[in-house]
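Asker: For reference, the sequence and a predicted model appear below.
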Amino acid sequence: MGYGFKIIAEGDYALFTRPEMKVERVSYDVPTISALEGMLKSVYWKPAVRYVIDEIVVFNPIRFINVRRNEVKSKIPLSAVRSQINGTGTAEIFSSEERSQRAGMILRDVKYGVSFHFELTGLKCEHDDECEEKHYNIMLRRLKNGQFFRQPCLGCREFAVKKLELVDEFRLDEVSETLKGDIDLGYMLYGLKFEDGGKPVNGDWSSPKFSDKADAMYYRPHMIDGVIDVGKYREVMIC
């Protein structure tokens, strides 16, 4: 195992969408691994680093709330962004024309403990002396100082992390009594395994093109007294 961290993430709302709910958004009871990896990448990301979630602690009772949200049905094409950069076009969409209202069942008042480490991928190493200690110190400094290059979120971008704190240990006595015992969370999305393995299919990092082909990976974790041992259940993933 590489260098590890423990953090506490809190937020007013969270939405870890179940992929089988394609129209109305419905959240899993607990965070997905890919959502937590995305939160960490908002703090520090390099192609040379891969985050591995080891343990999740759910502190607050699992509470849902029903809301209606305005969503934009389309996104700005990359080609339009490049055209605007080159001065030959504009990159814009009008939300009033693309708006779609959807219902959502989201989590509220959430607090999670996340234990994780990172591994080197060997991709796009910028220096020959690149090592785990270098990335560890950068991540440590950014977590201590509350720095990030984009707002960390809990599943969906509009549900921002209210507090992200680096800790030495988790206070398991703060886990809600409603989460005591062995809770089978059922099959959950673990993440996506992309065909390109994170490498540009054209072999050009300066102007990369990646493959969109990917297989969904699932696992079936149990939450025991509020704690999910991700490493244990990762061994029995299905694709």
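Answerer: Alright, I've got the coordinates.
Asker: Just the endpoints, please. Distance across stretch 215-224?
Answerer: Start and end residues of stretch 215-224 are separated by 29 Å (C-alpha to C-alpha, to the nearest Å).
Asker: can you offset everything so residue one is 675?
Answerer: Will do, 675 is the new start, and the previous item becomes stretch 889-898.
Asker: Residues in contact with that stretch: which ones?
Answerer: 693, 704, 732, 853, 855-867, 869, 902-904, 907-908, 910-913 (C-beta atoms under 8 Å, 6 or more residues apart in numbering). C-beta here means a position set from N, CA and C on the backbone, and glycine is covered the same way.
Asker: List buried residues within those residues.
Answerer: With burial judged by 16 or more other C-beta atoms under 10 Å, the buried subset of these is 704, 732, 853, 857, 862-865, 902, 904, 907-908.
Asker: Pick the one among the residues you listed closest to Thr762.
Answerer: Thr762 lies nearest to Gly865 out of those, by C-beta to C-beta, at 37.4 Å.
Asker: what about that closest one, which SS state?
Answerer: strand (DSSP: H, G, I helix; E, B strand; the rest coil).
Asker: Quickly note the distance from the residue lying closest to it once chain neighbours are set aside to Leu863.
Answerer: Among residues not flanking Gly865 along the chain, Ser708 sits closest, at 4.1 Å (C-beta to C-beta, 6 or more residues apart in numbering). Taking C-beta to C-beta, to the nearest Å as the measure, Ser708 falls 7 Å from Leu863.
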